[in-house]
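[1] any chance you could fold what I've pasted below:
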Amino acid sequence: MKIDISKIKFDERGLVPAIIQEESGQVLMLAYMNEESLNKTIETGYTHFYSRSRQTLWKKGETSGNVQKVLALYYDCDGDTLLIKVHQTGVACHTGTYSCFSGRRLDENNNLPAVVEQPQEENLQLVLYELYEVIKDRQRHPVEGSYTNYLFGAGQDKILKKVGEEAVETIIASKNGENPEILYEMGDLWYHCLVLLAYHGIKPEELFAELMNRRKGGNYHKFTGKTGNRPKD
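    Alright, predicted model coming up:
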């Protein structure tokens with residue numbers, strides 16, 4: 001599809017800042033584009049930027065695999081700033097955090113009167129990604145004494161057995177009605193489920209995409225509809 005970029009005002013260096021925002025609304029990063037990288041982004045559907053330090057074009061995630069699939073392109077009222085909404089694979093920041101702004105609050109502990117303190121919230125998606133990356137790292141670089149490596153070494157049957165065991169223990173915890181016990185056992189269950197995903201080479205974002213597709217397609221009724229409307233096994 002042909003997109004007219006004549007409304008974009010590049011600066012004297014031929015650059016325009018691009019704010020990258022995840023589909024959830026979280027701001028991930030800011031980078032710069034020139035005309036070539038913007039056209040490349042439009043052409044491929046994945047973000048490409050211009051490196052001011054290296055003075056070269058680069059694709060986000062080209063080496064790390066943490067690519068950004070473009071969902072929408074916006075420009076501001078002056079035409080000198082871009083806002084690009086993306087689906088982020090993996091983490092956005094080269095330091096390993098999900099967003100380049102994660103945990104980097106400038107006014108922290110400065111008691112600025114105009115700032116209303118908000119409780120810090122952990123991003124569930126980020127936590128799952130970070131845990132999954134640790135699991136994948138153990139798979140690629142075994143560590144002696146690692147329980148994760150023990151599971152991979154024992155193979156699929158052992159991993160499946162542990163998923164089943166943790167599911168049963170979660171059920172028992174629920175029947176006991178002890179919330180701390182439920183959380184503990186479900187934490188174990190989620191960990192073993194991530195190990196199973198890693199065993200099959202499936203990334204968490206593929207699972208998220210499956211759930212998102214169900215929501216967009218109106219298929220959540222499989223889980224949330226009335227009993228009489230649920231498909232029979």
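
[2] only C-alpha atoms for contact and neighbour calcs from this point on.
    Fine.

[3] pull stretch 156-172 out as CSV, backbone CA atoms only.
    Output in CSV follows, covering the C-alpha atoms of stretch 156-172 (Å, rounded to 0.1, in the frame of the first residue of the first chain):
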residue,chain,number,x,y,z
GLN,A,156,9.4,-34.2,27.5
ASP,A,157,7.8,-36.9,29.7
LYS,A,158,9.3,-35.5,32.8
ILE,A,159,8.3,-31.9,31.9
LEU,A,160,4.7,-33.1,31.2
LYS,A,161,4.6,-35.1,34.5
LYS,A,162,5.6,-31.9,36.4
VAL,A,163,3.0,-29.8,34.7
GLY,A,164,0.4,-32.5,35.7
GLU,A,165,1.7,-32.7,39.3
GLU,A,166,1.7,-28.9,39.7
ALA,A,167,-1.9,-28.7,38.2
VAL,A,168,-3.0,-31.3,40.8
GLU,A,169,-1.3,-29.4,43.6
THR,A,170,-3.0,-26.2,42.5
ILE,A,171,-6.4,-28.0,42.6
ILE,A,172,-5.7,-29.3,46.1
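
[4] and that stretch, what's buried?
    159-160, 162-163, 165-167, 169-170 (16 or more other C-alpha atoms under 10 Å).

[5] residue contacts, the residue most central in space within the chain?
    Nearest to the geometric centre of the chain sits residue 90, at 4.9 Å (C-alpha atoms, centre = their mean). For residue 90, the contacting residues are 65-67, 98, 129, 205, by C-alpha atoms under 8 Å, 6 or more residues apart in numbering.

[6] show me where this protein has its helices.
    Per DSSP state H, the chain carries helices over the ranges 35-44, 124-140, 147-154, 156-176, 179-199, 204-216, 221-224.

[7] give me the distance from the fifth one to the chain's centre.
    When you say that, I think you mean helix 179-199. Offset of helix 179-199 from its chain centre (C-alpha atoms, centre = their mean, to the nearest Å): 19 Å.

[8] that helix packs against which elements?
    Where contact means 3 or more C-alpha pairs under 8 Å, 6 or more residues apart in numbering; DSSP states H and E, helix 179-199 is packed against helix 124-140, helix 156-176.
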